[in-house]
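Enquirer: only the shape, not the letters, is given here:
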């Protein structure tokens, strides 16, 4: 599998469909007050960089980084297309986003995901890549439907994880 990452302007219909599927799943799996997925308008914010992931002409996934300032970046809109699930697209996408964050000198990659069973594969993916639980960040608050995680970066490399400050 050879994947191509494109810094995306969010104009392609395939990307719109994947993001609509993503939002529909978030609404099906989480109560409305606990949905933190970004819509197209929010993904176009200047603080957000969005990548689409392609294998030949086929959209395989997507992911975004939102600059929170102070050396922190938030992982957003990680999604693998249904037809590409179980093929390692999520892993390759996460590694790409972590390399971008490290290369830009960010000190931490943060994320929020759901606590429900639906989100268990995502939590396992993040844990396998060194993410550890942390306190809510930015505008998030404690929520039994949310899990907050972080990965500390150091000097452009993705190091072994350290626990987050309490």
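Expert: Arrived safely, thanks for sending. Since we're looking at a predicted model, the values are computed, not measured.

Enquirer: which residues of this protein fall in helices?
Expert: 13-29, 40-43, 89-103, 120-128 (DSSP state H).

Enquirer: select the longest strand from the protein.
Expert: Ranked by residue count under DSSP state E, the longest strand found in the chain is strand 58-69.

Enquirer: do I have it right that residue 136 meets residue 146?
Expert: Yes: assessed by CB atoms under 8 Å, residue 136 is found in contact with residue 146 at 7.5 Å. Glycine gets a C-beta too; all of them are placed from N, C-alpha and C.

Enquirer: one step back: turn the helices of the chain into JSON lines, including distance to residue 140.
Expert: Listed next are these as JSON lines, based on distance: least, CB to CB, whole Å:
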{"stretch": "helix 13-29", "distance to residue 140": "15"}
{"stretch": "helix 40-43", "distance to residue 140": "15"}
{"stretch": "helix 89-103", "distance to residue 140": "19"}
{"stretch": "helix 120-128", "distance to residue 140": "16"}
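
Enquirer: and the longest strand of the chain, what's buried?
Expert: Neighbour-count burial for strand 58-69, counted by 16 or more other CB atoms under 10 Å, picks out 59, 60, 61, 62, 63, 64, 65, 66, 67, 68.

Enquirer: neighbouring strands for it, and are they parallel or not?
Expert: Strand pairing for strand 58-69, determined by DSSP bridges: strand 48-55 (antiparallel), strand 72-80 (antiparallel).

Enquirer: and the last one, average pLDDT?
Expert: If you average the pLDDT over strand 72-80, you get 96.

Enquirer: ditto for the first one
Expert: The predicted model assigns strand 48-55 a mean pLDDT of 96.

Enquirer: what's the closest non-adjacent residue to residue 135?
Expert: Excluding the flanking residues, the one nearest residue 135 by CB to CB, 6 or more residues apart in numbering is residue 148, at 6.4 Å.

Enquirer: where's the spatially closest residue to residue 82 that is not a sequence neighbour relative to residue 81, distance?
Expert: Spatial nearest neighbour of residue 82, chain neighbours left out: residue 21 (7.5 Å); criterion: CB to CB, 6+ apart. According to CB to CB, to the nearest Å, residue 21 and residue 81 sit 8 Å apart.
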